[in-house]
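*Asks:* sequence plus the predicted model coming up.
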Amino acid sequence: MYDFISANLPYLLAGISVGGQYAMIAIGYTMVYGILRLINFAHGDVFTAAAYAMVYMNATMPLYLSLPLTILFTVILGYSVERIAYKPLRSAPRMSIMISSIGASYLLQNLMWYITSGLARQYPTIPWISKTVTIFTATTKMVTLVTPVLTLVLVLLLVQLINHTKIGMAMRAVSKDFETSRLMGIKINKVISVTFMIGSFLAAIGSMLYFTNYTAVVPTAGAMPGLKAFVAAVFGGIGSIPGAVIGAFIIGIVENIIKAVGLTTFSDAFTFALLIFILIFKPTGLFGEVIHEKV
Amino acid sequence: MKVFKIILSLLLAIIACLLIFFSINALDLSALLKEIVPLETMQQDAGLEKAVKRINDCLADGNQNRALRSLNRLLDDYPDKVHLDVQTKLDLFFYRNNKVMLTLGVYVLFFSAALAVSAFLKQQKHQTAVLVAILVASLYAGIYIVEDLVGVNSMLMTVLKKGAIYALLAVSMNLLNGFTGLFSLGQAGFMLVGAYTYAIFTIENTSRAQVYQYYQGGLVQFTLPTLVAILLAGLAAAFFAFLIGLPVLRLKSDYLAIATLGFAEIIRAVLQYDGLGRITNGSNLLRKFTTFNTALFPFAVSGICIALIALLIHSTYGRSFKAIRDDEVAAEAMGINLFVYKQLAFVISSFFAGIGGALLAMYQTTVQAAAFTSAMTYEILLIVVIGGMGSISGSILASFLFIASSEWWLRFLDNVTYIGTFKVPFFRSGFRMVVFSVIIMVVVLFYRKGIMGDKEFGLKSLMEPRKGGKRRG
């Protein structure tokens, strides 16, 4: 028993940690999907851009400045992506907006490649959270313990925001019915912008936690975690924040269990197999609302 | 009018035959040389004899350009000793401009054939068919000659080869996304299946031990003929599509997109799996399989495939696909079995994606599963969007434009450039792709219909332009 725990605890801890990081990204997906019915393919690249912002800002300024500035930069980036790539297509068919998001992702990736000349950049060590700690027998970084706590705190705050503030109410209204809420005098564009900003804010924090575990950043580093976070959002029921968080934790943990078993090649494939499984048997996900389609 | 056309066509045919005859006949320079410099004159002048010998040596080496240069010098040096009459002058002219004259001859022949067709065939339908055939034939003749002129490995031919392959990939994706309205992002996965199937079955037996060095020489120990392997590549991709389509095609738009994307990722992971190493070579690359070295091959294969897709789209099946795209509920009410037709479109599109993948493998000469990422699918999707969703000719046009600009025309953006002492800002490695993706974004945002919209660029629109000036809009 002791052997079993000591052999598998590191994977379990890593799974919880990665799950929390996926959750941060997944919330951005699920909120945007809830309001615009759009898979924001560029979200994973915003996540990578946050990592690069941290790399460059940390090179020139102290940590207490670079941390908030990175978050600010990411929020502005998320906002501009929405303004430039999605706002002009508000009345276009959904397929066009999705294509635009793919185009935006392509642009961001190429831009990052250009700025970094395609070289991998070393991610700075953020002092406290990259400290090594030992839990029972497993040696891990502090970030592993911080992530789930931070995720839960942020999600609780977010839920408070959505349930008890005016803008939160507007968000709920818009995700229920786009047209009617517009008729009721809700400023749609403002609500959408705020949604993107919240999503990017969480992605920035997620990226700081995620890349602490890795040494280097490459322009495509965010694509896979981005897709997995989207799967988590679908798994939990797209549009539902608690669903996205639970989905992300499940995916993170199972993925690491698969790695523990020794099938690392399939850890990515598993996520998508799970996605297809859930789409076939429960398309609304764990907590999603059933939407009836009318002719 | 008819008589006039026939006479003109006959006349052109004669001219064409003469041109072709002369340019083929003029190929023998040493024979021509004997006429230009008669034996007696040559024996009187040692210098002349040496010059003639030099030309013949060059010809024996197969170095035509140098022979031609020596000949020019000879004509300049001994203007009074050479024997030039109309016949030899003409022959010399044809020798010098051999390929251009041959091309001209072939095209005049095609043109005269087209004239004859329009004179003899009464029905519009027949006329169009024959004209298309002639046009296609002249296209291939053009490629053949251009390839001969500029060399197989020149940038132009690279762009044409890759462009032809991407055209097939884009058209096959357009069949699904543009004509049937199924937003699928699984293209890279099916290409990968095609590429691997092709590569595995055409690696030469003698090289297998070397390619599969980590997997005891591999499991497959026979080679298939190229065309059979290409067909098999398509069939393998179609088979996977059939299996994947069963569950996935019941999903709605964006769920379908993400599920197909997921399947592409799964295929990629499975093919890299160590346990299948004896077949797929694990995560190592496959190489030493049969490739092509002329642009005619990809042009021929993707030309045939695109023609088949075009025929399909113009059939009753194609009309059903479009009906599903325009309104699923209405299509179902009209008696179209949604699932069967969606499955059909999915399988056929994947079949051609598989063939495209096989061609891509041949073009690259090596193939590795890790390269077939979702970014590849996005690229092809963007080509389809630029060309216009629901336009075959748009996809073809956009493919060539896309490849030409990314591989060739925008290359200069990647080089650090100075104008005088002024260093042009931003120009360095990677800038090309930034500019390129900005252009794509502009198309996606402001020209949502792409180059062609859902119109086709065809003979009809060329032959009888609509009255009133504006053709599109």
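*Replies:* Here it is on my side, so go on.
*Asks:* quick one: low-confidence parts of the chain?
*Replies:* Using chain A here. Residue ranges of chain A with pLDDT under 70: A:1, A:289-295.
*Asks:* correction: the question concerned chain B.
*Replies:* Residue ranges of chain B with pLDDT under 70: B:27, B:458-473.
*Asks:* let's see that with 50 instead.
*Replies:* Applying pLDDT under 50 to chain B flags residues B:464-473.
*Asks:* for chain A, what's the nearest residue on it?
*Replies:* B:Gly262 (3.1 Å; C-beta to the nearest C-beta). C-betas here are computed from N, CA, C, even on glycine.
*Asks:* if I pick that residue, what's in contact with it?
*Replies:* By C-beta atoms under 8 Å, 6 or more residues apart in numbering or on different chains, the contact list for B:Gly262 reads A:231, A:271-273, A:275-276.
*Asks:* name the SS class of it, please.
*Replies:* Secondary structure of B:Gly262, reduced to three states by DSSP: H, G, I helix; E, B strand; the rest coil: helix.
*Asks:* pretty sure A:Gly247 sits against A:Leu286.
*Replies:* Yes. Checked against C-beta atoms under 8 Å, the pair A:Gly247 and A:Leu286 is within contact range at 6.7 Å.
*Asks:* shared neighbours, these two?
*Replies:* In contact with both A:Gly247 and A:Leu286: A:235-237, using C-beta under 8 Å, 6+ apart.
*Asks:* and the residue nearest to B:Phe339 when sequence neighbours are not counted, how far from B:Phe242?
*Replies:* Residue nearest to B:Phe339 in three dimensions, not counting chain neighbours: B:Leu249, with 6.6 Å by C-beta to C-beta, 6 or more residues apart in numbering or on different chains. As for B:Leu249, its distance to B:Phe242 is 10 Å (criterion: C-beta to C-beta, to the nearest Å).
*Asks:* more neighbours, those two?
*Replies:* B:Leu249 (20 against 15; other C-beta atoms under 10 Å in any protein chain shown).
*Asks:* spell out which parts of the stretch 51-200 of chain B neighbour chain A.
*Replies:* Within the stretch 51-200 of chain B, the residues that sit near chain A (C-beta under 8 Å from any C-beta of the partner chain) are B:177, B:183.
*Asks:* what is the helix or strand B:Ala195 falls within packed up against?
*Replies:* For B:Ala195, the host element (DSSP states H and E) is helix B:187-202. When contacts are defined as 3 or more C-beta pairs under 8 Å, 6 or more residues apart in numbering or on different chains; DSSP states H and E, helix B:187-202 packs onto helix B:155-174, helix B:226-248, helix B:253-271, helix B:277-280, helix B:338-364, helix B:374-387.
*Asks:* okay if I get those as CSV plus distance to A:Leu63?
*Replies:* Listed next are the helices and strands packed on helix B:187-202 as CSV, based on distance: least, C-beta to C-beta, whole Å:
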stretch, distance to A:Leu63
helix B:155-174, 47
helix B:226-248, 47
helix B:253-271, 36
helix B:277-280, 46
helix B:338-364, 45
helix B:374-387, 34
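*Asks:* compare those and give me the one nearest A:Leu263.
*Replies:* Distance to A:Leu263, taken as C-beta to C-beta, is lowest for helix B:253-271 among these, at 9.8 Å.
*Asks:* and the angle for that closest one with helix B:338-364?
*Replies:* 50 degrees (axes from the mean of the first three to the mean of the last three C-alpha atoms, to 10 degrees).
*Asks:* and helix B:253-271, C-alpha only, in PDB?
*Replies:* Extracted C-alpha coordinates of helix B:253-271, given in PDB (Å, rounded to 0.1, in the frame of the first residue of the first chain):
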ATOM      1  CA  SER B 253     -21.800  22.300 -36.300                       C
ATOM      2  CA  ASP B 254     -19.100  23.200 -33.800                       C
ATOM      3  CA  TYR B 255     -19.200  20.000 -31.800                       C
ATOM      4  CA  LEU B 256     -18.600  18.200 -35.100                       C
ATOM      5  CA  ALA B 257     -15.600  20.500 -35.700                       C
ATOM      6  CA  ILE B 258     -14.000  19.800 -32.300                       C
ATOM      7  CA  ALA B 259     -14.800  16.000 -32.500                       C
ATOM      8  CA  THR B 260     -13.200  15.600 -36.000                       C
ATOM      9  CA  LEU B 261     -10.200  17.700 -34.800                       C
ATOM     10  CA  GLY B 262     -10.000  15.300 -31.800                       C
ATOM     11  CA  PHE B 263     -10.000  12.300 -34.100                       C
ATOM     12  CA  ALA B 264      -7.200  13.700 -36.200                       C
ATOM     13  CA  GLU B 265      -5.200  14.100 -32.900                       C
ATOM     14  CA  ILE B 266      -6.000  10.500 -31.900                       C
ATOM     15  CA  ILE B 267      -4.900   9.200 -35.300                       C
ATOM     16  CA  ARG B 268      -1.700  11.100 -34.900                       C
ATOM     17  CA  ALA B 269      -1.100   9.700 -31.500                       C
ATOM     18  CA  VAL B 270      -1.900   6.100 -32.500                       C
ATOM     19  CA  LEU B 271       0.400   6.200 -35.500                       C
END
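*Asks:* near chain B, which residues of the stretch 1-150 of chain A are found?
*Replies:* A:37-39, A:84-85, A:88-89, A:92, A:94-96, A:98-100, A:102-107, A:109-111, A:113-114, A:117-118.
*Asks:* not counting its neighbours along the chain, what's nearest the residue in chain A that chain B sits nearest to?
*Replies:* The nearest approach of chain A to chain B comes at A:Phe272, 3.1 Å away (C-beta to the nearest C-beta). Spatial nearest neighbour of A:Phe272, excluding adjacent residues (C-beta to C-beta, 6+ apart): B:Gly262 at 3.1 Å.
*Asks:* counting neighbours, what do you get for A:Asn40?
*Replies:* By other C-beta under 10 Å, 28 other residues sit near A:Asn40.
*Asks:* helix or strand for the nearest residue to it once chain neighbours are set aside, which one?
*Replies:* Spatial nearest neighbour of A:Asn40, excluding adjacent residues (C-beta to C-beta, 6+ apart): A:Val32 at 4.7 Å. In this structure, A:Val32 sits in helix A:2-36 according to DSSP H and E.
*Asks:* quick one: that helix to helix B:253-271, angle?
*Replies:* 150 degrees.
*Asks:* can you list contacts of stretch A:245-253?
*Replies:* Contact with stretch A:245-253 is made by A:12, A:15-23, A:25-27, A:148, A:151, A:155, A:228-229, A:231-237, A:271, A:274, A:285-287, as judged by C-beta under 8 Å, 6+ apart.
*Asks:* if you set the cut-off to 6 Å instead, what comes out?
*Replies:* Stretch A:245-253 is contacted from outside by A:15, A:18-19, A:22-23, A:26, A:155, A:232, A:235-236, A:271, using C-beta atoms under 6 Å, 6 or more residues apart in numbering or on different chains.
*Asks:* could you do stretch B:292-312 as well?
*Replies:* B:143, B:147, B:157, B:160-161, B:164-165, B:167-168, B:171, B:175, B:318, B:352, B:355, B:359, B:362, B:392.
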